[in-house]
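A.B. asks: Here you go, sequence then predicted model.
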Amino acid sequence: MWDWAMYRGWYKGKREFGSAVVPWELNVAEWDAQFLGDRAYRITEEEKAVLRWESEKFRQGKGWLRWDPPQSLNSQVFDDRFRVIAMYLTDNWRAFRTWGMSANSPWDYGSYWKQTGGERERSDLPLAIDWDHLQRPGPRVVYVDEAQARDQLAFHSATTSPR
């Protein structure tokens with residue numbers, strides 16, 4: 001989600017990464033416009049709040065951490081980002097499979113999906129813990145009923161729409 005920020009790792013001659021105190025500058029419209037056209041410039045109330053907050057930081061001459069603004073870079077309130085991400089995943093992951101790439105490192109792709117229609121209730125999966133053998137070396141295999149796991153953990157196509 002950092003792609004929707006202005007910061008690219010260098011600030012005032014210094015190289016830093018995700019925990020840098022710099023002007024991160026949220027750029028939702030600027031990034032989305034290349035994919036969504038004019039619709040990207042319909043600024044939401046959440047974007048306005050961030051822009052006002054950032055303006056005050058600029059007036060004060062201060063940088064900030066990426067999670068400091070009223071809506072952080074990882075916030076799921078910027079809906080059009082999900083449209084852009086859906087385009088990326090659809091186009092590129094198909095190409096990756098075609099090129100024979102067997103795996104990739106998706107980093108923060110867990111935040112790329114958003115469930116619509118409010119929070120769905122779910123209970124935790126019943127996973128047995130073998131407390132007596134917890135300190136033994138090696139993996140601990142736990143088998144889960146696939147249908148139960150899918151129902152409780154998956155995003156369902158009936159409630160999500162990437163485009």
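C.D. replies: All right, it came through fine.

A.B. asks: Neighbours of Pro69, how many?
C.D. replies: Number of residues near Pro69 (other Cβ atoms under 10 Å) recorded here: 21. All C-beta atoms are positioned from the backbone trio N, CA, C, and that covers glycine.

A.B. asks: residues touching it, list them.
C.D. replies: Trp24, Leu26, Val50, Trp53, Glu54 (Cβ atoms under 8 Å, 6 or more residues apart in numbering).

A.B. asks: Who wins on neighbours among these?
C.D. replies: That'd be Trp24 among the contacts of Pro69, by other Cβ under 10 Å, with 26 neighbours.

A.B. asks: element containing it?
C.D. replies: Under DSSP states H and E, no helix or strand contains Trp24.

A.B. asks: Kindly provide the distance from the residue in the chain sticking out farthest from the centre to Asp145.
C.D. replies: In the chain, Asp132 marks the outermost C-alpha relative to the chain mean, sitting 38.0 Å out by Cα atoms, centre = their mean. For Asp132, the distance to Asp145 (Cβ to Cβ, to the nearest Å) stands at 24 Å.

A.B. asks: what do you get for Arg52?
C.D. replies: 49 Å.
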